[in-house]
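Asks: sequence and computational prediction follow.
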Amino acid sequence: MKQPLSKTKKRVKRVSLILLATVLSYVIFSVAGSVIVFRLIFPRTATVNAFELTYDDIDSAAYPREEIRFPSGGNSLFGCVYRPKGESAGLVMVLNGINSCIDRHLPEILCFVDSGFSVMTFENTGVDRSEGENTVGLSQARLDTAAAIAYVSADKTLSKLPLVLYGHSLGGYAAAAALADSPEVRAAVCLAGFDSPNENMHFSAKKYVGILADLQYPFMCLQNFFLFGDKADLSAVSAINQSQKPVMIIGGNSDETVPPEISILSKADKITNPNAVTLEITEKYRGEHSTLWLSRDAAKYLCENERPDDKQRANELDAAFMENVTGFFREAISDRR
């Protein structure tokens, strides 16, 4: 005959069931919460700052461009190709930061064209003229870059040019990842790039919700894996080391968007690639997240004016910086690795 449970055993069983229900509820709500958070922080978007140069601001006859489209997953992405006068030295693919539209790095694009390079740039999934319900997540830039490189490889003209990458912020991470993903890439310049998508999300979340970010971190990683699978969290440093290709890693000492805790530059001591070089910009005003390529006057103007209205002044490039970058590309292209 089955013996009735004692009061103590009943209490233990009840507490165990309550704990189990609590844990299951926490897991379910955390997973659902991560899905919602991704939707909120990676919406469909288009960001053009008032100070940014656009194609309408320049002499388009002097810098004609071809509008293109190519597939990335199930979406069609919008891009542009510029060509120099005369023979092209190579193709620079410009990779934008998060939410940035097609002209975000137009000053550098024009400089590359003037230096004899063809240039391709594009808008990531979910940004402005590119398709996509939303921008999905940080690792989407890696997939979009791979799709752009596939487009170049299939193009009869562009595929003949040595391919190099110039990426900023999210684009800096994507450029590093592409070194390992795509053998077509000859070299990359990574500006203000972060090392890991998961680490970046965790660090950013801690700024807003503190210790709660630690509790949610496993579920953010899980959601990132659900979205991107084995493409979810490649370390930029790991990709750089794996590739052994020429890479220039640039960062600023006053960068608050991609600070030292998560930047590629801060992990330079872990880089074993003998073809990697680093550059930290410490000059006042120029060492911030989006002023690395600007002249000191332009950087100072942007930093001291909430609503800068002189676009030409706000986008003046640092000549030495650009000469360093174009020289790096030329050397990498000439070295037949």
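Replies: Right, received. Where do you want to start? Numbers count the residues shown, from 1 in each chain.

Asks: which elements pack onto the one helix or strand M322 maps to?
Replies: Taking DSSP states H and E as the definition, M322 sits inside helix 319-334. Packing contacts for helix 319-334, counted by 3 or more Cβ pairs under 8 Å, 6 or more residues apart in numbering; DSSP states H and E, involve helix 106-114, strand 163-168, strand 185-191. No exception for glycine: its C-beta is placed from N, CA and C like everyone else's.

Asks: show residues contacting the longest one.
Replies: So that's helix 106-114. Counting contacts by Cβ atoms under 8 Å, 6 or more residues apart in numbering, the residues outside helix 106-114 that touch it are 52-55, 58, 63, 82-84, 92, 94, 119, 121, 166, 293, 315-317, 322, 326.

Asks: helix or strand right after the host helix or strand of L302?
Replies: Taking DSSP H and E as the definition, L302 sits inside helix 296-304. Going down the chain from helix 296-304, the next helix or strand is helix 311-314, by DSSP H and E.

Asks: what's the closest non-adjacent residue to F70?
Replies: Sequence neighbours aside, Y151 is the residue nearest to F70 in space, at 3.8 Å (criterion: Cβ to Cβ, 6 or more residues apart in numbering).

Asks: in the helix or strand encompassing the one you found, what counts as buried?
Replies: In this assignment (DSSP H and E), Y151 forms part of helix 140-154. For helix 140-154, a neighbour-count test (16 or more other Cβ atoms under 10 Å) marks Q140, A141, R142, L143, D144, T145, A146, A147, A148, I149, Y151, V152 as buried.

Asks: what's the angle from it to strand 163-168?
Replies: 160 degrees (axes from the mean of the first three to the mean of the last three Cα atoms, to 10 degrees).

Asks: list the helices and strands helix 140-154 packs on?
Replies: When contacts are defined as 3+ Cβ pairs under 8 Å, 6+ apart, helix 140-154 packs onto strand 65-72, strand 75-82, strand 91-95, strand 118-122, strand 163-168, helix 170-181.

Asks: reformat the ones you listed as a markdown table; add mean pLDDT and distance to S130.
Replies: Converted to a markdown table, the helices and strands packed on helix 140-154 look like this (pLDDT from 0 to 100; distance: least, Cβ to Cβ, whole Å):
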| stretch | mean pLDDT | distance to S130 |
| --- | --- | --- |
| strand 65-72 | 98 | 8 |
| strand 75-82 | 98 | 4 |
| strand 91-95 | 98 | 13 |
| strand 118-122 | 98 | 7 |
| strand 163-168 | 98 | 17 |
| helix 170-181 | 97 | 14 |
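
Asks: out of the ones you listed, flag the one nearest E199.
Replies: helix 170-181 (10.7 Å; Cβ to Cβ).

Asks: so what's the gap between that closest one and the chain middle?
Replies: Taking Cα atoms, centre = their mean, to the nearest Å, the mean C-alpha location of helix 170-181 is offset from the chain mean by 7 Å.

Asks: skipping adjacent residues, who's closest to the residue most central in space within the chain in space?
Replies: Nearest to the geometric centre of the chain sits L170, at 1.4 Å (Cα atoms, centre = their mean). Excluding its sequence neighbours, the residue lying closest to L170 (Cβ to Cβ, 6+ apart) is I98, at 4.4 Å.

Asks: for T121, list each beta-bridge partner.
Replies: Note on T121: beta-bridge partners by DSSP bridges are C80, V94.

Asks: run a quick neighbour tally on it.
Replies: Look at T121: counted by other Cβ atoms under 10 Å, it has 27 neighbours.

Asks: specify the angle between the helix holding M322 and strand 91-95 in degrees.
Replies: 120 degrees.

Asks: buried residues in helix 319-334?
Replies: Result for helix 319-334 [16+ other Cβ under 10 Å]: buried residues F321, M322, N324, V325, T326, F328, F329, R330, A332, I333.

Asks: closest one of these to V127?
Replies: Taking Cβ to Cβ as the measure, V127 lies nearest V325 of the buried residues of helix 319-334, at 24.2 Å.

Asks: let me see the confidence value for the closest one.
Replies: We have a pLDDT of 98 for V325.

Asks: do K7 as well
Replies: On the pLDDT scale, K7 is placed at 65.

Asks: and for A32?
Replies: So A32 comes in at 61 (pLDDT).

Asks: one more: L212?
Replies: The model reports L212 with a pLDDT of 72.

Asks: repeat for T282
Replies: For T282, pLDDT reads 96.

Asks: how about I102?
Replies: Value for I102, per-residue pLDDT: 97.

Asks: burial of it, as a residue count?
Replies: Around I102 there are 25 residues (other Cβ under 10 Å).

Asks: which element is it on?
Replies: With DSSP H and E as the test, I102 turns up in no helix or strand.

Asks: and the closest residue to E256 other than its chain neighbours, how many neighbours does it have?
Replies: By the measure of Cβ to Cβ, 6+ apart, the closest residue to E256 outside its immediate chain neighbours is H289, 6.7 Å from it. Counted with other Cβ under 10 Å, residues neighbouring H289 total 18.

Asks: could you do E87 as well?
Replies: 8.

Asks: who's in contact with the helix holding M322?
Replies: 89-90, 92, 108, 111-112, 115, 117, 162, 164, 166, 186-187, 189, 245-246, 248, 277, 279, 292-293, 295.
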